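**Q** Return atomic coordinates for the entry below.
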Amino acid sequence: MTVMFFCGSTFRTKGNLAFFTEKIFVFCGVDLAFFLQEVVDFVAYKELFHDVHPCIVHILVGDIHCSKIDCSSHSLQCHTPNNAGRRLSDIIMIISCSQSQLFGPFRKRSENTSNMALSESKIPPDAQHYLVCGSKDCEKNCQFYCNDCHQPMCEQCRDEHQKNKKTKIHEVASYRERKRQIPVEKCKIHPTKEIDLLCEVCRIPICSKCTGAKEHRGHVFTDLEMVFNEKVTLFHKEIAKIQDYLNPTSQDLKTEIARDVTAIKEIMEDIRASMRAEADAVKKVVDAVMSDNIEQVDKTEQSLLQTLNEQGLEIDDYSNYLNSLIKTLYSYLSPSNIQQLSFALKLENLFIRPIPETSKTVPPVFSAGQYSKEDVAKLLGKMTFSITKAKGRKIEFMEKVHSKLKPIREHSYRKHEREKCDVKQTLFQCLSVTKIREWTVLGVQNALHISLDKSFRLWVSDSRGSLVRTDLNRNQYLRIRSSGGCEGYHTITPDGELLYTDRDKNVIKRVTEHNEINEFINTGDLEALSVHYSKINGDILVGLRKVRKGKVIRYNKTGKEIQDIQIDKKRQKLYDIPHYITENMNGNICVSDYGKEAVVVVDKLGQHRFSYTGQMSGFGPYGISTDVLGHILVCDSVSNTIHLLDQDGQFLSQLLTEEQRIEHPRSVCVDNENNLWVGQLTNTVTVYKFTQ
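**A** So this is what the prediction gives:
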């Protein structure tokens with residue numbers, strides 16, 4: 001690889017195409033635009049070469065202010081600093097390409113025009129020819145342009161041009177700001193005159209002599225060159241609009257659409273997995289019901305057969321009786337002694353037992369279930385669509401974009417993406433809470449767990465096993481002595497029934513609306529710590545433990561076990577002490593595990609999604625809940641605050657800090673109005689409202 005250094009404003013390749021091959025170019029004080037024009041001289045000047053390597057074309061279509069231009073085929077890069085301007089006085093630019101044959105095959109243009117040709121598709125829309133000074137015998141780079149002479153010139157020739165008495169009044173501008181020269185063409189009606197005017201009424205170019213023609217009489221005429229330059233200015237603005245706004249914005253939209261495609265695929269795969277899980281759950285319920293029905297059939301059959309067998313035995317006994325009686329009577333017909341004769345003569349009324357009564361059994365019949373495809377579909381759930389109307393993708397106004405444009409487009413894009421990712425976090429950092437109610441709960445020493453029903457009556461438990469039902473007016477309806485402690489060991493069903501764990505008997509009990517307490521689920525040799533009733537499908541989620549090994553079991557509405565969650569994909573245990581449990585709106589199971597010192601979240605299939613371990617050196621998770629937006633709220637016994645997370649486990653903010661004057665929050669739940677109910681180490685329950 002060869003390194004080429006250039007200083008000053010003059011840079012020439014002298015027509016040597018191989019000059020660009022396998023080199024790194026370092027420039028100081030070189031006008032970058034003229035370097036690109038020099039490249040264009042070889043690439044886009046179709047009078048000389050064709051089949052040019054696309055790397056160079058890629059340089060041309062890029063903005064010279066971009067920090068990086070990647071070649072689609074090779075590792076080609078162009079670097080300029082952030083403050084790159086039109087003139088790089090003390091700035092270095094490097095262009096490199098790893099391809100050894102950067103330009104590929106090329107040939108001189110033949111005399112036959114059909115053989116020439118850089119493909120039109122390879123010529124970039126903004127390509128320019130390499131320009132030299134238009135003065136005779138001057139081959140310096142063109143930097144200026146005389147609008148009157150329509151001649152490019154270098155800096156030295158410009159000075160001489162402006163000193164010349166004949167041309168000193170000419171308008172000389174930088175080459176980029178020059179007036180474009182219109183094509184010189186004779187008028188077809190007046191061959192001696194050049195077309196230099198525009199008829200504003202007819203909107204056609206004409207010569208000065210055409211102005212007196214009958215068809216143009218009374219019309220307004222404008223200098224054609226001036227009109228053309230106005231259009232040139234307009235076109236430059238449109239080109240800048242396309243390059244700086246429309247094209248990047250459309251590419252951003254394309255990227256966003258691609259992300260949406262990926263997200264939709266993931267969502268639909270989750271829906272498919274949920275449908276399969278629902279089908280498996282229903283199948284287990286069907287199997288359980290069928291097993292119960294078969295068992296009932298077996299018992300009925302056994303009972304009917306027993307009845308028939310007893311009747312058969314009774315008939316057998318009667319037959320034996322009759323046979324014995326016949327034998328006796330036959331003996332009376334031929335008595336062998338006087339004693340038998342005397343006995344036979346004494347028989348006056350012979351009594352024969354009647355035939356025993358028997359009944360014909362009535363067998364049961366099978367009544368087929370009444371169900372339809374729609375009924376099964378209701379059991380399995382269905383995919384629904386939000387009633388929210390799809391919003392159009394956000395596109396910034398061009399004026400706003402222009403005010404934010406930076407020389408380095410990639411840097412701006414990354415910053416924009418980072419800002420978009422921070423929007424959600426920034427929003428919740430601005431959230432605060434306002435206390436709207438507070439009261440003391442009688443009958444408990446502290447409020448370590450709260451279960452709230454639709455009528456705002458709540459169950460509150462403390463660390464000593466007291467579980468009371470109360471309301472906002474401090475009325476106490478029921479008090480239960482339980483074996484629970486510092487756990488979320490109770491939950492409320494939509495029907496107002498309470499489910500709570502009995503750790504001594506390893507059962508989950510149900511308290512009906514009439515205050516009747518029944519055993520509902522037996523957990524075997526596992527100690528039930530926490531319980532949650534799913535609002536999504538009515539399942540019961542239970543956190544259990546046995547000798548420092550925790551697990552979560554899902555039971556259906558009838559109390560049948562349908563899912564066991566305890567290890568991740570790497571066969572590592574997920575839980576240690578799952579003492580609080582809840583379910584998010586997306587079906588994720590969120591567990592506050594005091595042993596793991598983490599919030600452990602799995603999806604509805606039991607696959608581990610993430611574990612949140614707090615923001616400081618220590619984290620003591622207690623009560624956990626979710627809100628209507630899918631955020632996770634968990635009490636931290638170390639910082640004595642509530643951590644607010646999004647449904648993917650990203651930390652958003654801390655709620656209820658020292659400013660709210662709350663002491664040791666330990667339990668939390670969110671009602672349907674998104675109000676925050678917080679229990680403390682004291683027997684105080686406080687209700688907060690989110691405010692912006």
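**Q** In contact with Asp598, which residues?
**A** Not quite, residue 598 is Ala, not Asp. 611-614, 619, 621 (CB atoms under 8 Å, 6 or more residues apart in numbering). (Glycine included, C-beta is placed from N, CA and C.)
**Q** Nearest to Thr192 among those residues?
**A** Distances from Thr192 to these, taken as CB to CB, are shortest for Tyr612 (87.9 Å).
**Q** Confirm Asn323 sits in a helix?
**A** Yes: counting by DSSP: H, G, I helix; E, B strand; the rest coil, Asn323 is found in a helix.
**Q** still on that earlier bit, please tell me which one of the contacts of Ala598 counts the most neighbours.
**A** When the contacts of Ala598 are compared by neighbour count (other CB atoms under 10 Å), Pro621 ends up highest, at 25 neighbours.
**Q** And what about the nearest residue to that residue once chain neighbours are set aside, helix, strand or coil?
**A** Nearest residue to Pro621 in three dimensions, chain neighbours excluded: Ser592, at 4.1 Å (CB to CB, 6 or more residues apart in numbering). Following three-state DSSP, the label given to Ser592 is strand.
**Q** is Ser592 in a bridge, and if so with what?
**A** For Ser592, the beta-bridge partners are Tyr580, Val599 (DSSP bridges).
**Q** what are the ranges of the helices in this protein?
**A** 32-43, 54-61, 155-163, 224-241, 247-333, 338-346, 373-380, 398-404, 409-429 (DSSP state H).
**Q** JSON lines please, covering these and showing mean neighbour count and mean pLDDT.
**A** Listed next are the helices of the chain as JSON lines, based on neighbours: other CB atoms under 10 Å; pLDDT from 0 to 100:
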{"stretch": "helix 32-43", "mean neighbour count": "21", "mean pLDDT": "45"}
{"stretch": "helix 54-61", "mean neighbour count": "20", "mean pLDDT": "38"}
{"stretch": "helix 155-163", "mean neighbour count": "15", "mean pLDDT": "90"}
{"stretch": "helix 224-241", "mean neighbour count": "13", "mean pLDDT": "86"}
{"stretch": "helix 247-333", "mean neighbour count": "12", "mean pLDDT": "90"}
{"stretch": "helix 338-346", "mean neighbour count": "11", "mean pLDDT": "75"}
{"stretch": "helix 373-380", "mean neighbour count": "10", "mean pLDDT": "81"}
{"stretch": "helix 398-404", "mean neighbour count": "12", "mean pLDDT": "50"}
{"stretch": "helix 409-429", "mean neighbour count": "13", "mean pLDDT": "41"}
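**Q** right, so of those helices, which gets closest to Ile662?
**A** helix 409-429 (18.7 Å).
**Q** Looking at the contacts of Ala598, which is nearest Tyr500?
**A** Distances from Tyr500 to the contacts of Ala598, taken by CB to CB, are shortest for Pro621, at 20.9 Å.
**Q** what bridges to the closest one?
**A** Asp636.
**Q** Count residues in the vicinity of Thr682, would you?
**A** With other CB under 10 Å as criterion, Thr682 counts 16.
**Q** mind checking pLDDT for the nearest residue to it once chain neighbours are set aside?
**A** What sits nearest to Thr682 in space, not counting adjacent residues and going by CB to CB, 6+ apart, is Asn446, at 6.0 Å. What the model reports as pLDDT for Asn446 is 90.
**Q** Contacts only, for Asn446.
**A** Asn446 touches 462-463, 666, 679-683, counting by CB under 8 Å, 6+ apart.
**Q** From what I see, Asp223 and Asp196 are in contact.
**A** Yes: contact criterion CB atoms under 8 Å: Asp223 and Asp196 qualify, at 7.0 Å.
**Q** If you count surrounding residues, which of these two has more?
**A** Neighbour comparison, Asp223 and Asp196: the larger count goes to Asp196, with 17 against 12 (by other CB under 10 Å).
**Q** pLDDT value on the more buried one, please?
**A** So Asp196 comes in at 88 (pLDDT).
**Q** swap in Gly443?
**A** Taking Gly443 on its own, its pLDDT is 88.
**Q** got a list of what it touches?
**A** 466, 468, 470, 476, 479.
**Q** roughly how far apart are it and Tyr622?
**A** 21 Å (CB to CB, to the nearest Å).
**Q** Report the residue spans of the chain with pLDDT below the cut-off.
**A** Applying pLDDT under 70 to the chain flags the ranges 1-130, 386-388, 396-432, 658-661, 691-692.
**Q** And for it, the residue most distant from the center?
**A** Ile338 (112.7 Å; CA atoms, centre = their mean).
**Q** which residues pair with the closest residue to Thr211 other than its chain neighbours across the strands?
**A** Excluding the flanking residues, the one nearest Thr211 by CB to CB, 6+ apart is Phe221, at 5.7 Å. Note on Phe221: beta-bridge partners by DSSP bridges are Cys199.
**Q** who's in contact with Phe221?
**A** 197-200, 206, 211.
**Q** Next: Thr684.
**A** Here Thr684 is in contact with 438-441, 447 (CB under 8 Å, 6+ apart).
**Q** from memory Gln566 sits against Pro578, does it?
**A** No: shown here, Gln566 and Pro578 do not form a contact pair, counting by CB under 8 Å, at 9.8 Å.
**Q** Could you name every residue contacting both of those two?
**A** Joint contacts of Gln566 and Pro578 (CB under 8 Å, 6+ apart) are 550-552.
**Q** Tell me the one among the residues you listed nearest to Phe385.
**A** Of the shared contacts of Gln566 and Pro578, the one sitting nearest to Phe385 (CB to CB) turns out to be Val552, at 31.0 Å.
**Q** could you dump the contacts of Thr684 to TSV with neighbour count and distance to Phe520?
**A** Shown next, in TSV, are these (neighbours: other CB atoms under 10 Å; distance: CB to CB, whole Å):
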residue	neighbour count	distance to Phe520
Glu438	12	34
Trp439	15	31
Thr440	11	31
Val441	23	26
Ala447	27	25
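**Q** closest to Tyr371 among these?
**A** Ala447 (46.1 Å).
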